[in-house]
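Student: Based on what follows, work out the 3D shape:
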Amino acid sequence: MQRSTVERRLSDAHQQLVRARTELAVLDEQLIVVDEMADDTRLQAVVSESPLAARDHGEASRTAAALRQTRDSLAGRITDLERRQDELLELLVVGPG
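Tutor: Here you go, the predicted model:
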């Protein structure tokens, strides 16, 4: 692979990595808030023992689980991008083969 191609791919991988890490930071902050909401609705459901409170807790729990799944998926993408970046750096420094 030509050096210019490797450099371009490395730049693209880096840009994707920066965006993904920024998105992960936002998701982490959102997850803190959503987890707190789920905890609050759980307590309300326990105290009130009402179907409405139980439903609210169920919704908050599902939202937190979905957000956690999205976060985990993004963390996996970041790992893949880091691996790809390392491979490209190795190609750039060491060369092919």
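Student: and the next element down the chain from the longest helix seen in the chain?
Tutor: If you go by DSSP state H, the chain has its longest helix at helix 3-48. Stepping forward along the backbone from helix 3-48, the first helix or strand reached (DSSP states H and E) is helix 51-93.
Student: Please name every helix or strand in contact with that following helix.
Tutor: Using 3 or more Cβ pairs under 8 Å, 6 or more residues apart in numbering; DSSP states H and E as the contact definition, the elements that helix 51-93 packs against are helix 3-48. C-beta: built from backbone N, CA, C; applies to glycine.
Student: for the record, mean pLDDT for the helix it packs on?
Tutor: The average pLDDT within helix 3-48 is 96.
Student: by contact count, what packs against it?
Tutor: Helix 3-48 makes packing contacts with helix 51-93 when contacts are defined by 3+ Cβ pairs under 8 Å, 6+ apart.
Student: report the angle between the axes of the helix it packs on and helix 3-48?
Tutor: Comparing the axes of helix 51-93 and helix 3-48 via axes from the mean of the first three to the mean of the last three Cα atoms, to 10 degrees yields an angle of 160 degrees.
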